[in-house]
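Chemist: everything below, folded, please.
(one chain, ligands or ions: 2)
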Amino acid sequence: MPPTTHDNTIAKPPTKPSATAEHPPLQKPDPTLESNNAREGRLPSTASSRAPEFTSPAISSELNLLTTRLRGSLRQFEDFPSPGIIFEDIFPIFADCALHGTLIRALELHVLQAYEQPPDVVVGLDARGFLFGPSLALRLGAGFVPVRKRGKLPGKCETASFVKEYGEDYFQMQSDAVKRGQKVLVVDDIIATGGSAAAAGSLVKKLGGELLGYVFILELDFLQGRAKLDAPVYTLLSSQAKS
Ligand SMILES: O=P(O)(O)OC[C@H]1O[C@H](OP(=O)(O)OP(=O)(O)O)[C@H](O)[C@@H]1O
Ligand SMILES: Nc1ncnc2[nH]cnc12
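Modeler: Ligands and ions are numbered 1, 2, ... in the order given. Alright, predicted model coming up:
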């Protein structure tokens, strides 16, 4: 269901998702970075006009090394937060200083490789997008702006409803948080159904931002969330592919 945006008005909650019973079996992440990102819809490389250190082969090989380090750290929990859901726990990355640095560097490399100009603003989604959005923004020389769950931001806000893998909710952004024409990258830890990210993207566009794309640490492939997004999507790791 595409997200709907409102001017700080309270809309009827969307329909509950039904994906829980169809969750595929537990399996470790399959962070086949290059093959994943070669698929349709991944960001094309724009490296040809870049300085040598930012050319595609150099970055791709460093990215491969970094994602290999990250792949073993994710944990899965069955039936959390509700029956049928396999919860992907990304917190071990942040518990380990070296892995944390690896993550930020991998995301930075991706953005350097993918875009001629870095974003003006990194938009992070409440709450796990706040774990690395600000650090990535600092590295990129960009500002950081939050998308928050409804009722947490003061002042005039735009609101969008959405449905996610295990629930439904509302996102808000402050109406002046992104200036018209600013280039925006939306970041979050996980894309599952894509409902959260699509709602965030719709808010960015409503504020007049130019949506450069979406960046995630992990994609739950079987839910095909990227189909809901109308800007390039990049994920470091993938998991829970149907076997
Ligand atoms: O692609 P979707 O199906 O929309 O699901 C992905 C979203 O779900 C999780 O957030 P959650 O709303 O659970 O909040 P949290 O970050 O506060 O834990 C996750 O961090 C993403 O934001
Ligand atoms: N399976 C999952 N694990 C962790 N976070 C999620 N957000 C949506 N689906 C999720």
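Chemist: every contact and neighbour count from this point should use C-alpha atoms.
Modeler: Noted.
Chemist: got a list of what L212 touches?
Modeler: The contact partners of L212, taken as CA atoms under 8 Å, 6 or more residues apart in numbering, are 119, 183-185, 231-232.
Chemist: sorry, that was for F216
Modeler: F216 neighbours (CA under 8 Å, 6+ apart): 187-191, 233-236.
Chemist: I'd like to know how many residues surround G181.
Modeler: Using other CA atoms under 10 Å, G181 has 13 neighbouring residues.
Chemist: where does it fall, phi/psi-wise?
Modeler: phi 90, psi -10 (degrees, to the nearest 10).
Chemist: so it makes contact with L207?
Modeler: No: with contact defined as CA atoms under 8 Å, G181 and L207 do not form a contacting pair (9.2 Å).
Chemist: make TSV out of the contacts of F216 and add distance to ligand 2, secondary structure and neighbour count.
Modeler: Formatted as TSV, those follow (distance: CA to the nearest ligand atom, whole Å; DSSP: H, G, I helix; E, B strand; the rest coil; neighbours: other CA atoms under 10 Å):
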residue	distance to ligand 2	secondary structure	neighbour count
V187	13	strand	29
D188	10	strand	24
D189	8	strand	25
I190	6	strand	23
I191	7	strand	28
V233	16	strand	22
Y234	17	strand	26
T235	14	strand	25
L236	15	strand	26
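Chemist: tell me the two of those that are most distant?
Modeler: D189 and V233 (12.8 Å; CA to CA).
Chemist: what residues does the chain put near ligand 2?
Modeler: 85-88, 165, 190, 192 (CA under 6 Å from any ligand atom).
Chemist: of those residues, which belong to helices?
Modeler: With helices taken from DSSP state H, there is no overlap with the residues of the chain next to ligand 2.
Chemist: what is the nearest of the contacts of F216 to ligand 1?
Modeler: I191 (4.0 Å; CA to the nearest ligand atom).
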